[in-house]
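Trainee: For reference, the sequence and a predicted model appear below.
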Amino acid sequence: PVPATMSPGFFERHPEFLKNTESRVRFNWRFDEPEKYQQMVAGYYRMISAIDQVIGRVRAELERRGLAENTIIVFTSDNGYFLGERGFADKWYGHEYSLRVPLVLMDPRLAPSRRGTVVDAIALNVDLAPTLLECAGLPIPEQLQGRSLLPLATGKLPPDWRQDFFFEHLFERHNIPKSEGVRTERYTYIRWFEQQPVVEELYAHQADFEQTENLVHEPPYAEVLAALRRRTNELRDQYGGPYVPHPKPAARRRHTSSTGSP
């Protein structure tokens, strides 16, 4: 089925600067015609099925070699992906389809009662290195940002586990607008800080997973908006401060020899 937010009416609600981004360019490559959309999404699902088959082959080989009970498997991905939602393709933004990734941790040492458990606590890709280090019995360097996920897998959620996280996308490309923000367990705040004036989005993603209603201008959410603005600034400054543009390289001159040859 075609996503509801892929409708032209929803797309027209975007700020103008989001209507001609790389996400829209790639949407037109893949999803701008009904038949093309079906072919592309079927291919995407076909790829997922192929990955699933390969994981099955890996697990069967571990069993054959007698290594299955001594092997931890982590399955994840590098980024989420728009399949036409919001009229976009690809990734880069702080919306749920772009931000979320799969994460499956299979540890054969877990008690049977913990197998197949879904944990709602926020996990990040920076948690993978500390998790694997703890699995291997190695010390976790203090400079790593993440935390081991093993306590979550065993049902021992630390009382000080994160309640939110900072995200940013600062890629240097003319048609991918830079953004930053915070996602909590209930809300997503996105700030397009290079726009004049700054453009903001606020969603209650638990109640509105598709993020169809921007709550920035809704009075009942004024306190939430103010708190997430402050939290974004706090975490941004903790991780290095506001974005500073890279100096553009000087234009290369064409040199010629004394004979005039290039």
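Mentor: Received the coordinates, thanks. Remember, it's a predicted structure, so these values are computed and weren't measured experimentally.
Trainee: From here on, just use CA atoms for contacts and neighbour counts.
Mentor: Noted.
Trainee: State the pLDDT value of the nearest residue to D127 once chain neighbours are set aside.
Mentor: Excluding its sequence neighbours, the residue lying closest to D127 (CA to CA, 6 or more residues apart in numbering) is G146, at 4.2 Å. Looking at G146, its pLDDT reads 94.
Trainee: Now do the contacts for G146.
Mentor: By CA atoms under 8 Å, 6 or more residues apart in numbering, the residues touching G146 are L124, N125, V126, D127, L128, A129, P130.
Trainee: do you know how far the nearest residue in space to N70 that is not next to it in sequence is from H246?
Mentor: Nearest residue to N70, sequence neighbours excluded (CA to CA, 6+ apart): P108, at 7.1 Å. To H246, P108 is 47 Å away according to CA to CA, to the nearest Å.
Trainee: higher neighbour count, these two?
Mentor: More crowded of P108 and H246, by other CA atoms under 10 Å: P108, with 14 against 7.
Trainee: shouldn't that one be in contact with T71?
Mentor: Yes - using CA atoms under 8 Å, P108 is in contact with T71, at 7.2 Å.
Trainee: Am I right that R26 falls within a helix?
Mentor: Yes - assessed by DSSP: H, G, I helix; E, B strand; the rest coil, R26 belongs to a helix.
Trainee: In this structure it contacts K91, no?
Mentor: No - here R26 does not reach K91: they are 10.3 Å apart, not a contact under CA under 8 Å.
Trainee: Low-confidence ranges, the chain, go.
Mentor: 249-262 (pLDDT under 70).
Trainee: so who does the residue nearest to N70 touch?
Mentor: Contacts of P108 (CA under 8 Å, 6+ apart): A68, E69, N70, T71, I72.
Trainee: Contacts only, for the fourth one.
Mentor: In this structure, T71 makes contact with D107, P108, judged by CA under 8 Å, 6+ apart.
Trainee: Then the one 10 residues further on?
Mentor: Counting by CA under 8 Å, 6+ apart, Y81 touches A89, D90, K91, Y97, S98, L99.
Trainee: gap between V182 and H95?
Mentor: The separation that V182 has from H95, given CA to CA, amounts to 11 Å.
Trainee: Common neighbours of those two, please.
Mentor: With CA under 8 Å, 6+ apart as the test, V182 and H95 both reach T188.
Trainee: Pick the one among the contacts of Y81 closest to F166.
Mentor: Relative to F166, the closest of the contacts of Y81 is L99; by CA to CA it sits at 11.2 Å.
Trainee: Leaving out the residues flanking it, which one is nearest to the closest one?
Mentor: In space, L99 is closest to G80, 5.3 Å off (CA to CA, 6+ apart).
Trainee: burial of the one you found, as a residue count?
Mentor: 19.
Trainee: what about it, which SS state?
Mentor: Taking three-state DSSP, the label given to G80 is coil.
Trainee: residues touching it, list them.
Mentor: Per CA under 8 Å, 6+ apart, neighbours of G80: D90, K91, E96, Y97, S98, L99, R100, V101.
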